[in-house]
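K.L.:
Could you work out the structure for the sequence below:
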Amino acid sequence: GSRPGRPRPSKRAFSHKMASALLVAMLACSVVAAPVSTQQRSAIPRKSLAGPAEEFAHMSLPDPIMGAINTDSAAYFITLTSANGLTSWSRVLDVDSKEGFSLNIFSPISEHLTYSLKDPQGNEVDLAKYGTETFWPIWDSTEQTAKGMSYNVDTTNDGEYVLTVSSAKPLSALNTIMASQTGQKVDIKHGYVVLYNAGTDRIFSHLAGYTQQQGDQVGLVSRMYDSAPHAMLGLGQAPLALPDVVKTAYLEAVFPDGHRLKKPMHDDGLHSDGAANDGVFGGSFAATEIGAYTVQATLQGNNANGPFIRTAQHLVQVIPRSVQLTTHAFGTIADNLLTVHLDVSGDANALPTFRGYFQLWGKTAAGADVAVGWFSSLEDVETVGGKNVLSLDVDTAWIARAGAVAPFQLRDVYLQDVSTWVPVSRAATIDLELSASVAAQLQTVVSAKLSAGYNGAITQAMREGVAPPMANGTNGGKLILLHGYCADKNPFQVYPEDWTDALFYYRGSKESMTHDEYAQRAVQFAADNGLSSFGLVGHSQGGIVTLHTLNYYHTGLDAATGNRKIQSLASPYLGNTAAGSTADLGAVFGLGCGSNYDMSRDGAVLWYAGIAKASIAQANYYTTQYDKGGLFGNGWCNMLVNAILNAPNDGTTEMVWATLPDGGNHRQHFVGQCHIDGMNWPASYFDHTRNQEMSKEAAR
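P.N.:
Alright, predicted model coming up:
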């Protein structure tokens with residue numbers, strides 16, 4: 001039974017010969033290398049995901065607090081100006097720690113700049129005494145790094161310091177150099193400063209809501225808090241705001257075209273900030289452009305130690321307006337599947353693919369509401385009955401399991417853009433329309449299941465849909481190893497002898513890939529190598545992609561035999577606090593692979609909402625961190641990025657955001673290992689013993 005009007009590969013059963021030929025042809029011809037804005041529709045068969053009502057909370061869209069970032073640092077752009085023949089930039093730096101501070105300065109034109117720092121008493125600080133050359137890692141690249149100076153000042157002298165950056169060259173000459181080296185043309189930023197205070201007062205900041213379509217108001221909500229009572233803030237935990245300490249609050253947005261906008265933030269109860277005068281500040285701006293923004297919240301004031309300043313850098317992706325849910329949904333039935341067609345209006349071509357989701361509710365024989373389950377899949381807009389719809393399948397066994405009868409209702413209905421996971425449209429409820437003939441067919445199918453002795457057990461087919469027959473590969477099963485984001489190599493290939501029956505995926509260029517694009521490329525790689533089955537091991541983003549692939553697509557990964565189908569090392573499943581700062585530095589230096597919203601805190605929690613618990617249960621992951629020592633004795637892998645990240649971390653991945661909160665198999669945590677080579681401790685992928693363990697345990 002095939003779905004009427006189905007333009008992509010059917011999830012139903014059909015001729016093995018035809019299915020095999022079709023799948024090979026589709027994989028051979030599919031194009032998945034496009035950037036986010038032009039991501040292609042997938043030819044890989046997609047799973048029809050489902051689960052019981054007990055999983056509703058996990059599958060709902062997250063509260064923006066779940067994507068919050070917290071830090072005890074402040075970051076500033078260096079923007080040189082010219083006055084009276086002098087080229088300079090000056091900034092007051094509020095140091096509120098009596099344990100010392102770390103001043104970090106980056107600039108691609110540093111050879112033309114001079115740095116001067118004066119203490120609160122007006123005395124010149126001997127920066128040469130404290131300076132160390134270092135770098136900021138651009139994700140998983142060991143070649144692309146933002147080089148800078150780190151001045152780690154061990155002093156009890158807190159208060160207002162003044163940093164001055166100056167140059168003997170005219171501003172016009174410096175701007176010409178910047179434009180040629182970095183491509184900056186609008187509001188040129190000549191450098192970046194990060195100030196780290198070793199105190200307990202931190203900033204906690206999150207988006208006001210996930211309204212991120214062109215023309216929407218994008219809001220930030222920020223507060224200061226005392227981290228001493230909180231060993232580590234977990235997912236969705238919001239600390240109590242410190243009252244009466246913030247005197248100045250504002251946000252500054254850097255738009256996709258490079259221009260900046262500064263707006264005040266308020267504690268008046270009118271800007272998504274809770275009650276008035278509660279220490280929580282809110283502000284917003286109109287997102288008039290499509291693309292990636294960096295948005296910084298700045299809180300400045302006085303605490304017990306004197307003046308302070310903290311900033312939080314958010315990466316925000318704004319998408320074009322596309323489709324919207326209407327109040328209409330209807331069902332069709334074929335074989336054992338009820339297909340729910342969500343009627344949509346708007347521009348069906350603005351975005352290629354959506355993730356659809358809904359809860360299905362029916363009635364008991366006594367007329368009470370009963371939950372059937374949740375249903376989700378990646379879908380393209382199609383035309384059914386003259387209407388533009390997104391069509392999701394419901395295995396009728398779920399209805400039999402719940403003992404549900406019509407009328408049916410959809411609840412918590414939402415659509416996401418698959419290239420960013422930004423919500424596109426939401427509806428609290430939509431009544432499901434069933435024609436008399438469809439309702440009768442559905443009742444017949446459900447009754448037949450119950451009469452045949454269905455006992456309510458949840459099967460894999462109910463959770464994932466029926467997989468189409470896979471083409472037989474010529475090379476049997478292998479292990480595919482995936483690199484991280486913006487990597488300049490496959491790190492596992494450093495020691496190829498650690499891996500048996502393995503293939504190393506790398507396209508030979510540093511690219512920005514969403515999780516979905518990367519998953520499609522990995523599956524294509526398996527097809528290109530004639531694999532009938534395969535296991536996946538990934539470092540950093542590559543590890544996240546192993547889970548994404550298992551969750552959303554019918555592939556040879558499902559056919560793999562062995563202990564562990566998917567494994568990951570040092571993967572930031574729930575995002576990275578420094579994503580916004582790394583994007584800022586990439587813009588200043590003209591480095592990196594562009595922005596990747598999937599790797600940000602907000603993008604990651606939006607992505608995670610679509611990962612079924614049954615998929616998470618199959619994840620096997622390892623985490624790593626620095627050992628003790630270094631500045632303030634707490635250790636670091638990279639002293640610069642450590643000023644932004646939550647402790648502990650491996651120089652990129654923070655332990656708190658590397659841990660799957662809903663299950664999975666956390667195999668081991670390693671101390672004294674870092675994310676990439678060149679950091680303060682050996683790279684995690686240098687561990688021969690763990691590499692060999694992962695190879696031995698991997699399914700193929």
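K.L.:
Could you check the pLDDT of G199?
P.N.:
With respect to pLDDT, G199 scores 82.
K.L.:
Hmm, D72 and it touching each other?
P.N.:
Yes - between G199 and D72 there is a contact under Cβ atoms under 8 Å: 6.3 Å. C-beta coordinates here come from the backbone N, C-alpha and C atoms, glycine included.
K.L.:
what's the neighbour count on Y414?
P.N.:
21 (other Cβ atoms under 10 Å).
K.L.:
from what I can see it touches F354, true?
P.N.:
No - taking Cβ under 8 Å as the definition, Y414 is not a contact partner of F354, at 9.7 Å.
K.L.:
Identify the contacts common to these two.
P.N.:
V424 (Cβ atoms under 8 Å, 6 or more residues apart in numbering).
K.L.:
just for this protein, where's the confidence low?
P.N.:
Residue ranges of the chain with pLDDT under 70: 1-41, 231, 471-472, 592, 630-634.
K.L.:
how about the helices in it?
P.N.:
Ranges of helices in the chain, per DSSP state H, are 16-29, 56-59, 127-130, 171-182, 396-402, 436-451, 460-464, 515-528, 541-552, 579-589, 601-608, 613-616, 655-658, 688-697.
K.L.:
In the stretch 601-700 of the chain, what residue spans correspond to strands?
P.N.:
Taking DSSP state E, counting those that start in this stretch as the criterion, the stretch 601-700 of the chain carries its strands at 619-625, 665-671.
K.L.:
Including mean neighbour count and distance to A583, could those strands go into JSON lines?
P.N.:
As requested, those are exported to JSON lines (neighbours: other Cβ atoms under 10 Å; distance: least, Cβ to Cβ, whole Å):
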{"stretch": "strand 619-625", "mean neighbour count": "25", "distance to A583": "24"}
{"stretch": "strand 665-671", "mean neighbour count": "15", "distance to A583": "28"}
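K.L.:
need the ones you listed in CSV with distance to G301, can you?
P.N.:
As requested, the strands of the stretch 601-700 of the chain are exported to CSV (distance: least, Cβ to Cβ, whole Å):
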stretch, distance to G301
strand 619-625, 32
strand 665-671, 37
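K.L.:
So which of these is nearest S90?
P.N.:
strand 619-625 (37.1 Å; Cβ to Cβ).
K.L.:
which neighbours does that closest one have in its sheet, and in what orientation?
P.N.:
strand 566-569 (parallel), strand 665-671 (parallel) (DSSP bridges).
K.L.:
Next, the angle from it to helix 541-552.
P.N.:
160 degrees (axes from the mean of the first three to the mean of the last three Cα atoms, to 10 degrees).
K.L.:
what's the angle from strand 619-625 to helix 688-697?
P.N.:
180 degrees.
K.L.:
Wait, N152 touches L127, no?
P.N.:
No - with contact defined as Cβ under 8 Å, N152 does not count as touching L127 (10.8 Å).
K.L.:
Distance of S391 relative to N529?
P.N.:
Distance of S391 to N529, given as Cβ to Cβ, to the nearest Å: 33 Å.
K.L.:
ok, back up a step: give me the common contacts of N152 and L127.
P.N.:
Common neighbours of N152 and L127 (Cβ under 8 Å, 6+ apart) do not exist.
K.L.:
how about CSV for the strands paired with strand 619-625, with distance to L585 added?
P.N.:
Shown next, in CSV, are these (distance: least, Cβ to Cβ, whole Å):
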stretch, distance to L585
strand 566-569, 25
strand 665-671, 27
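K.L.:
so which of those strands gets nearest Q692?
P.N.:
strand 566-569 (12.6 Å).
K.L.:
hmm, who's touching the closest one?
P.N.:
535-540, 542-544, 546-547, 549-550, 557, 618-622, 624, 667, 684-685, 690, 694, 697-698.
K.L.:
Just the buried residues out of those residues, in PyMOL syntax.
P.N.:
What follows is the PyMOL syntax selecting those of these that are buried according to 16 or more other Cβ atoms under 10 Å:
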select buried, resi 535+536+537+538+539+540+542+543+544+546+547+549+550+557+618+619+620+621+622+624+667+684+685+690+694+698
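K.L.:
Which of S391 and N529 has more residues huddled nearby?
P.N.:
S391 (21 against 15).
K.L.:
Could you measure from the more buried one over to T383?
P.N.:
Taking Cβ to Cβ, one finds S391 at 10 Å from T383.
K.L.:
likewise V186?
P.N.:
42 Å.
K.L.:
likewise L351?
P.N.:
Taking Cβ to Cβ, one finds L351 at 17 Å from T383.
K.L.:
Which one's more surrounded, these two?
P.N.:
L351 (25 against 12).
K.L.:
so what's the closest residue in space to the more buried one that isn't next to it in sequence up against?
P.N.:
In space, and not counting its chain neighbours, L351 is closest to S322: 4.5 Å by Cβ to Cβ, 6 or more residues apart in numbering. With contact set as Cβ under 8 Å, 6+ apart, S322 has these partners: Q213, G346, D347, A348, A350, L351, D417, V424.
K.L.:
again, only this time at 10 Å
P.N.:
If a contact means Cβ atoms under 10 Å, 6 or more residues apart in numbering, then S322 has 213-214, 344, 346-352, 354, 381, 415, 417, 424-425 as its contacts.
K.L.:
now do Y210
P.N.:
Contacts of Y210 (Cβ under 10 Å, 6+ apart): 61-64, 67, 216, 218, 316, 416, 421-423, 426, 602, 605-606.
K.L.:
Going through the residues you listed, which ones are buried?
P.N.:
By 16+ other Cβ under 10 Å, the contacts of Y210 give 61-62, 64, 67, 216, 218, 316, 416, 421-423, 602, 605-606 as buried.
K.L.:
correct me, but T652 touches Q673?
P.N.:
No - counting by Cβ atoms under 10 Å, T652 does not reach Q673; the two are 11.9 Å apart.
K.L.:
who touches both of those two?
P.N.:
In contact with both T652 and Q673: A570, T624, C637, M679, using Cβ under 10 Å, 6+ apart.
K.L.:
Nearest spatial neighbour of the second one, chain-adjacent residues omitted?
P.N.:
Same thing as T624. Q673 (4.0 Å).
K.L.:
Next up, phi/psi of the one you found, please.
P.N.:
phi -130, psi 140 (degrees, to the nearest 10).
K.L.:
What of the one 3 residues further on?
P.N.:
In this entry, I676 is assigned phi and psi values of phi -140, psi 170 (degrees, to the nearest 10).
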